[in-house]
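> The sequence and its predicted three-dimensional model are supplied below.
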Amino acid sequence: MATATLLLPERVRLPGELANEAVARALARADRSAGAKGEREQLQRHFAVAQGSWPVAALTRQLDARDADGATWLRADPAFMAPDQQGARMLAHGESLGVDALDVAALLPDLRPTFADAGFVLDAPTPSRWYLRLSPEARLPEFDTPDQVLGDDLFDHLPQAEAGRRWRALLTESQILLHQHPHNRDRVAQGKPPINSLWFWGGGRLPESVASSHAQVRSRDSLLRALAVAAGVDVDSDRQVDALVDLRHLRSLRQFSDEVVQPLLDAMRRGELDRLVLDFQDGEALSLSAAQRWRFWRRPWTGLEG
């Protein structure tokens, strides 16, 4: 028998009333548990990374280029910053910018000397994910993830103190170069946002090991796929095995109940699925099994808050 585990967004992103009575009853009868809130914390419930590190850049670099071993890596992703009365805010980054090979060919050759002078190599094996290769002994300050920065005051997320001074200077130099670059005028003329900044994040070395209890991962997310590959877990296969399914993009309660949970409850009823686990990014987790049908005294849920 197999277990299906669904990675889901925070429950507040799926508001409304549960109209599907079968799903409402099943959720009420489920076992509940609580964990830590956040994207990283959610993924860490399913992947154990050696030394407790979280080197996103090295993991995704290995996925993209298979050459991450023997260096320290830092993501230097393309970003769009917009000025406001307080300073500047990140409005888009990476894939949401629609970066393609033409953008890489136009911008990276002019950016590389800035980082080469600091002893770093800048490249982009995938248009939306840019990398800096550093020496294995490099020490890095803490960098916030793009999702933490998105829409917020940029100054609040810059690395501070002496450890961050070099990176603040490199960020400023790259912003000046990109702001003046003629290729960005072409992007704006085409109705695209300019690539007028980089964002450094996810630094570290490739971990010695990554482990997971899942036998399969289904996701388009680069980090989740990178973790699966590092753990030796199948990605996007159709085998009937314990699977971790990424549904963090969901924003409709009706889609969640009618198109996701209901078919899996039907599979459980037919004996094709042993257990269903719902892991929400706010830390709430529900475990559903056929044996819970005897908990008929519990009142059906009206929404995901119970």
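Nice, I can see it.
> Point out where the stretch 151-300 of the chain drops to low pLDDT.
294 (pLDDT under 70).
> That one: strands as residue ranges?
Here the stretch 151-300 of the chain has its strands, by DSSP state E, counting those that start in this stretch, at 197-205, 210-211, 216-218, 234-235, 243-246, 275-280, 284-289.
> export those to JSON lines and tack on mean neighbour count?
All C-beta spots, glycine's among them, are computed from the backbone N, C-alpha and C. Shown next, in JSON lines, are the strands of the stretch 151-300 of the chain (neighbours: other C-beta atoms under 10 Å):
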{"stretch": "strand 197-205", "mean neighbour count": "23"}
{"stretch": "strand 210-211", "mean neighbour count": "16"}
{"stretch": "strand 216-218", "mean neighbour count": "23"}
{"stretch": "strand 234-235", "mean neighbour count": "15"}
{"stretch": "strand 243-246", "mean neighbour count": "20"}
{"stretch": "strand 275-280", "mean neighbour count": "22"}
{"stretch": "strand 284-289", "mean neighbour count": "20"}
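> just so I know, which of those lies nearest residue 145?
strand 197-205 (5.4 Å; C-beta to C-beta).
> Who are the packing partners of that closest one?
Packing partners of strand 197-205 (3 or more C-beta pairs under 8 Å, 6 or more residues apart in numbering; DSSP states H and E): helix 56-65, strand 72-83, strand 88-93, strand 129-134, helix 146-149, helix 161-180.
> relative orientation of it and strand 88-93 in degrees?
If you take axes from the mean of the first three to the mean of the last three C-alpha atoms, to 10 degrees, strand 197-205 sits at 70 degrees to strand 88-93.
> circling back to that earlier point, same list, the helices and strands packed on strand 197-205, but as CSV with mean neighbour count please.
Formatted as CSV, those follow (neighbours: other C-beta under 10 Å):
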stretch, mean neighbour count
helix 56-65, 23
strand 72-83, 22
strand 88-93, 19
strand 129-134, 24
helix 146-149, 17
helix 161-180, 14
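> beta partners for the closest residue to residue 152 other than its chain neighbours?
Spatial nearest neighbour of residue 152, excluding adjacent residues (C-beta to C-beta, 6 or more residues apart in numbering): residue 89 at 6.4 Å. For residue 89, the beta-bridge partners are residue 82, residue 153 (DSSP bridges).
> Distance check, residue 89 against residue 184.
18 Å (C-beta to C-beta, to the nearest Å).
> on that earlier part again, and the strands of the stretch 151-300 of the chain as CSV, adding distance to residue 118?
Below are these laid out as CSV (distance: least, C-beta to C-beta, whole Å):
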stretch, distance to residue 118
strand 197-205, 12
strand 210-211, 30
strand 216-218, 36
strand 234-235, 35
strand 243-246, 36
strand 275-280, 40
strand 284-289, 44
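> closest one to residue 154 among those?
Per C-beta to C-beta, nearest to residue 154 of the strands of the stretch 151-300 of the chain: strand 197-205, 8.5 Å.
> Let me know the angle separating the closest one from helix 56-65.
Taking the same axes, to 10 degrees, strand 197-205 and helix 56-65 form an angle of 90 degrees between their directions.
> For strand 197-205, which strands pair with it and how are they oriented?
Strands adjacent to strand 197-205 in the sheet, as given by DSSP bridges, are strand 72-83 (antiparallel).
> orientation of the partner strand relative to strand 129-134 in degrees?
Using the same axes, to 10 degrees: strand 72-83 against strand 129-134 is 130 degrees.
> and strand 72-83, how far out from the chain's middle?
15 Å (C-alpha atoms, centre = their mean, to the nearest Å).
> average model confidence for it?
Per-region confidence: strand 72-83 scores 96 on mean pLDDT.
> May I have that strand as CSV, with CA atoms only?
Only the C-alpha atoms of strand 72-83 are listed here, as CSV (Å, rounded to 0.1, in the frame of the first residue of the first chain):
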residue,chain,number,x,y,z
THR,A,72,31.0,27.0,-2.5
TRP,A,73,28.0,28.3,-4.5
LEU,A,74,25.8,31.3,-4.3
ARG,A,75,22.7,32.1,-6.3
ALA,A,76,22.9,35.5,-8.0
ASP,A,77,19.5,35.5,-9.6
PRO,A,78,18.3,38.2,-12.0
ALA,A,79,15.8,40.6,-10.4
PHE,A,80,13.6,43.6,-11.0
MET,A,81,13.8,46.3,-8.3
ALA,A,82,11.5,49.4,-8.4
PRO,A,83,12.3,52.6,-6.5
